[in-house]
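Engineer: Starting from these lines, generate the structure:
(one chain, ligands or ions: 1)
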Amino acid sequence: MRKTVIAGNWKMHMTCASAKEFMEGFLPLFKDLPSDRNVVIAPPFTAISSLATIIEGTQINLSSQNVHWEDSGAFTAEISPSMLLEHNVRYAIVGHSEPRKYFSESDEQINLRAKSAQTHGLIPIVCVGETFEQRERGEAERVIRRQVEQGLEQTDLSKLVIAYEPIWAIGTGKTCESNEANRICGLIRKWSGFNDLLIQYGGSVKPGNIDEIMSMSDIDGVLVGGASLDPQDFARIANYKIR
Ligand code: 13P
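Structural biologist: Here you go, the predicted structure:
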């Protein structure tokens, strides 16, 4: 039985004060979750330290939104694994489509980040997904397969999460149809050669579609952007009900 990982990616939102306010609203709403459900929040780096204190003793784990492959050095604007471990961070998102797009992150760099996370005991959440144009041209499977094969090279697949996030569904309100998301997640599982791989779907996940998404056979969790900023919405997502 695969675990589920419900993760909120806060992106460049939330100050320490607003993160605290979020938790005051969120924590009372998400008690008594089944123990096989992992709830993860990826705040901006500045809020990690204060959140680590607030969530102590709860079922919530922290993720970073990136991690570097070196443990220290002249890498302005980067964050190292040991800096994150000092604050009890357990997961690290790598290869999100936004750094891929805005900072030209390559599959090779993403693979280095994933391996470095694992070496230090962090669980990488490796994001993959096609653009609208690639899907229109019939290239989606080829693009995703390349991202999976290069991004996961020489990683331990039992200590990793992969997030399938079709770029055209991110922040647009256009969710990928559940059956299609499930089909792609099934292909990712097959290409990885590891049946127990944890695979999330991400892209306009909301309280209104979470139950259907989580009822899919190859989807083991979600990576949520916008809806994870609202305590009520994210609590409803964490408390999804299988149909
Ligand atoms: P939205 O849920 O806002 O579409 O964002 C998805 C995402 O990019 C999560 O990493």
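Engineer: Please count neighbours and contacts with C-alpha atoms only from this point.
Structural biologist: Noted.
Engineer: How much space separates the residue lying farthest from the centre of the chain from the ligand?
Structural biologist: Most distant from the centre of the chain: A74, at 27.2 Å, with distances by CA atoms, centre = their mean. Distance of A74 to the ligand, given as CA to the nearest ligand atom, to the nearest Å: 28 Å.
Engineer: Which residues are in contact with that residue?
Structural biologist: By CA atoms under 8 Å, 6 or more residues apart in numbering, the contact list for A74 is empty.
Engineer: Can you read off the backbone torsions of it?
Structural biologist: With angles defined as degrees, to the nearest 10, A74 sits at phi -80, psi 80.
Engineer: Up against the ligand, what does the chain have?
Structural biologist: Proximity of the chain to the ligand (CA under 6 Å from any ligand atom) is limited to residues N9, A169, I170, G171, G202, G203, S204, V205, L223, V224, G225, G226.
Engineer: so the fourth one makes contact with S204?
Structural biologist: Translated: G171. Yes. G171 lies in contact with S204 (CA atoms under 8 Å); the separation is 5.8 Å.
Engineer: Scan this protein for its longest helix.
Structural biologist: helix 178-192 (DSSP state H).
Engineer: gap between the closest residue to P166 other than its chain neighbours and P34?
Structural biologist: Once flanking residues are discounted, P166 sits nearest to G129: 4.4 Å by CA to CA, 6 or more residues apart in numbering. The spacing between G129 and P34, counted by CA to CA, to the nearest Å, is 29 Å.
Engineer: When the two are compared, which one has more neighbours?
Structural biologist: G129 (28 against 9; other CA atoms under 10 Å).
Engineer: tell me the contacts of the more buried one?
Structural biologist: Counting by CA under 8 Å, 6+ apart, G129 touches S97, A140, V143, I144, Y164, E165, P166, I167.
Engineer: With A238 instead?
Structural biologist: Taking CA under 8 Å, 6+ apart as the test, what A238 contacts is I6, F30, L33, V39.
Engineer: Please apply the same query to P124.
Structural biologist: The contact partners of P124, taken as CA under 8 Å, 6+ apart, are Y91, A92, I93, V94, A114, A117, Q118, K159, L160, V161.
Engineer: can you pull up the bridge partners for it?
Structural biologist: Using DSSP bridges, the bridge partners assigned to P124 are A92.
Engineer: do the one 4 residues further on as well
Structural biologist: Beta-bridge partners for V128, by DSSP bridges, are Y164.
Engineer: show me where the protein has helices.
Structural biologist: Going by DSSP H, the chain shows helices at 16-26, 45-54, 81-85, 97-102, 107-119, 132-136, 140-151, 178-192, 210-214, 231-238.
Engineer: Switch the ones you listed over to CSV; also include distance to N61.
Structural biologist: Listed next are those as CSV, based on distance: least, CA to CA, whole Å:
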stretch, distance to N61
helix 16-26, 13
helix 45-54, 9
helix 81-85, 12
helix 97-102, 22
helix 107-119, 15
helix 132-136, 32
helix 140-151, 24
helix 178-192, 24
helix 210-214, 20
helix 231-238, 13
